[in-house]
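Participant: Structure for the following, please:
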Amino acid sequence: MQATIRSDVSFSGVGLHTGRLARMTIRPHAANMGLWFRRVDLPGAPYIPARYDRVAQSRLCTCLDGDGAASVSTIEHVMAALAGCGIHNAVVEIDGPEVPILDGSAAPFVRGILDAGIQRQDAGIHAIEVTREIVVTDGAATAMLSPAEGLEMDFSIDFTDAAIGRQRRVANLANGRFVREYCDSRTFCRQADVDAMHAAGLALGGTYENAVVVDGEVVLSPGGFRHADEAVRHKMLDALGDLALAGSPLLARYTGVRAGHMLTNRLLRALFATPGATRVVECTPEQAARLPGMGVKAADLANVA
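Facilitator: A predicted model of the protein is given here:
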């Protein structure tokens, strides 16, 4: 069965890149309506569909463009939280152009969703089954989707900074695993990148408290990493949020090598542009049980930061 959030839940904080304070509320939505953003600060409070074909070019975050001047950026963490909690229908209302960064992970959004409760809806879950391998590349970076029975992920990163280095993690994201193992992993960057972004007028809301900043072998953020491989876990978190823009849950294996937001979006565009690469299926109970978020419960957050 599809699901929505049981009651409204609100968040407030600054945007990572704009530094602007925003208030955001996730509200329930009817079955089969999908996920939407709504810019309540703009005339007419326009809706923006959470879809891959509305993603604008941006390497630093995922930004959705609506009709006219409406847009909303840095949506990947809240999208990951919605997907990881098995929410199929919701409206995310926001009074500014960027989702609050909060602690730099998806955990605050997950906690809010689970505290509000998950409401099952009288409608079947339609998933997108990937039926053939699709690959996109950008230099040394690769992103691939291939057939699988649920949503699986294999991600590798390689940074010159010794504090990160080479990391790889493989996971089947069924049965609340995202909530238990990935949702608290924070965005990360190198001090040199922070300096360059500040010089370009970006990352104005970034601090050592909402991002893990490294400089060579040194972790500059207080407390260091939450997990030894927090960096690759966060890349998987981002990928889950970006893949949720497919419009329905994916039955696929995602493989990312040094991949980022735009490459994952290019992958979705290539997937849906390839005849015969997908098939929409109504999930059996067995298939539904393998989706991220199915069966998730508040206790799954017990060991999360």
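Participant: Domains in the chain, by residue range?
Facilitator: If you go by automatic domain parsing, the domain ranges for the chain are 3-120, 126-301.
Participant: Could I get those in CSV, plus columns for mean neighbour count and mean pLDDT?
Facilitator: Where C-beta positions appear, they are placed from N, C-alpha and C, glycine not excepted. Shown next, in CSV, are the domains of the chain (neighbours: other Cβ atoms under 10 Å; pLDDT from 0 to 100):
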stretch, mean neighbour count, mean pLDDT
domain 3-120, 20, 95
domain 126-301, 18, 93
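Participant: quick one, what contacts residue 172?
Facilitator: 150-152, 290 (Cβ atoms under 8 Å, 6 or more residues apart in numbering).
Participant: What is the nearest of the residues you listed to residue 66?
Facilitator: residue 151 (27.1 Å; Cβ to Cβ).
Participant: what's the distance between that closest one and residue 254?
Facilitator: According to Cβ to Cβ, to the nearest Å, residue 151 stands 7 Å off from residue 254.
Participant: Okay, and the most centrally placed residue in the chain sits in which element?
Facilitator: Centroid-nearest residue in the chain: residue 241, 2.0 Å away (criterion: Cα atoms, centre = their mean). Assessed by DSSP states H and E, residue 241 sits inside helix 230-243.
Participant: same for whichever helix or strand comes after that helix, what does it pack against?
Facilitator: Counting by DSSP H and E, the next helix or strand C-terminal to helix 230-243 is strand 250-257. Counting by 3 or more Cβ pairs under 8 Å, 6 or more residues apart in numbering; DSSP states H and E, the packing neighbours recorded for strand 250-257 are strand 126-130, strand 141-147, strand 151-158, helix 230-243, helix 261-273.
Participant: if we look at the third one, which residues are touching it?
Facilitator: Among residues not part of strand 151-158, those counted as contacts by Cβ under 8 Å, 6+ apart are 164-174, 231-232, 235-236, 239-240, 243, 249-259, 290-292.
Participant: Which element is encountered next along the chain beyond it?
Facilitator: Past strand 151-158, the next helix or strand by DSSP H and E is strand 166-172.
Participant: Pull up the pairing partners for that next one, direction included.
Facilitator: strand 151-158 (antiparallel) (DSSP bridges).
Participant: CA atoms of the partner strand as PDB?
Facilitator: C-alpha atoms of strand 151-158 as PDB (Å, rounded to 0.1, in the frame of the first residue of the first chain):
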ATOM      1  CA  LEU A 151      16.800  -1.100  -4.600                       C
ATOM      2  CA  GLU A 152      20.500  -2.000  -4.200                       C
ATOM      3  CA  MET A 153      23.400   0.400  -4.200                       C
ATOM      4  CA  ASP A 154      27.100   0.100  -4.700                       C
ATOM      5  CA  PHE A 155      29.100   3.300  -4.300                       C
ATOM      6  CA  SER A 156      32.800   4.100  -4.500                       C
ATOM      7  CA  ILE A 157      34.700   7.300  -3.900                       C
ATOM      8  CA  ASP A 158      38.300   8.300  -4.100                       C
END
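Participant: Pick out the most distant pair among the contacts of residue 172.
Facilitator: Maximum distance among the contacts of residue 172 (Cβ to Cβ): 9.6 Å, for 152 and 290.
Participant: rewinding a little: I'd like the helices and strands packed on strand 250-257 as a markdown table, with distance to residue 118 appended.
Facilitator: Listed next are the helices and strands packed on strand 250-257 as a markdown table, based on distance: least, Cβ to Cβ, whole Å:
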| stretch | distance to residue 118 |
| --- | --- |
| strand 126-130 | 18 |
| strand 141-147 | 27 |
| strand 151-158 | 18 |
| helix 230-243 | 17 |
| helix 261-273 | 26 |
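Participant: Out of those, which is closest to residue 299?
Facilitator: Across these, closest to residue 299 is helix 230-243 (Cβ to Cβ), at 20.2 Å.
Participant: Determine the angle, from 0 to 180 degrees, between the closest one and strand 166-172.
Facilitator: For helix 230-243 against strand 166-172, the angle by axes from the mean of the first three to the mean of the last three Cα atoms, to 10 degrees is 50 degrees.
Participant: so what does helix 230-243 touch, helix or strand wise?
Facilitator: By 3+ Cβ pairs under 8 Å, 6+ apart, helix 230-243 packs against helix 76-84, strand 151-158, strand 166-172, helix 177-181, strand 188-190, strand 250-257, helix 261-273.
Participant: Using PDB, list the CA coordinates for it.
Facilitator: Extracted as PDB, the C-alpha positions of helix 230-243 are listed here (Å, rounded to 0.1, in the frame of the first residue of the first chain):
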ATOM      1  CA  GLU A 230      30.600   8.600   6.600                       C
ATOM      2  CA  ALA A 231      31.600  10.200   3.300                       C
ATOM      3  CA  VAL A 232      30.600   7.300   1.100                       C
ATOM      4  CA  ARG A 233      27.400   6.800   3.200                       C
ATOM      5  CA  HIS A 234      26.500  10.400   2.500                       C
ATOM      6  CA  LYS A 235      27.000   9.900  -1.200                       C
ATOM      7  CA  MET A 236      24.600   7.000  -1.100                       C
ATOM      8  CA  LEU A 237      22.100   9.200   0.800                       C
ATOM      9  CA  ASP A 238      22.400  11.800  -1.900                       C
ATOM     10  CA  ALA A 239      21.900   9.100  -4.600                       C
ATOM     11  CA  LEU A 240      18.800   7.800  -2.900                       C
ATOM     12  CA  GLY A 241      17.300  11.300  -2.900                       C
ATOM     13  CA  ASP A 242      18.200  11.900  -6.500                       C
ATOM     14  CA  LEU A 243      16.800   8.500  -7.600                       C
END
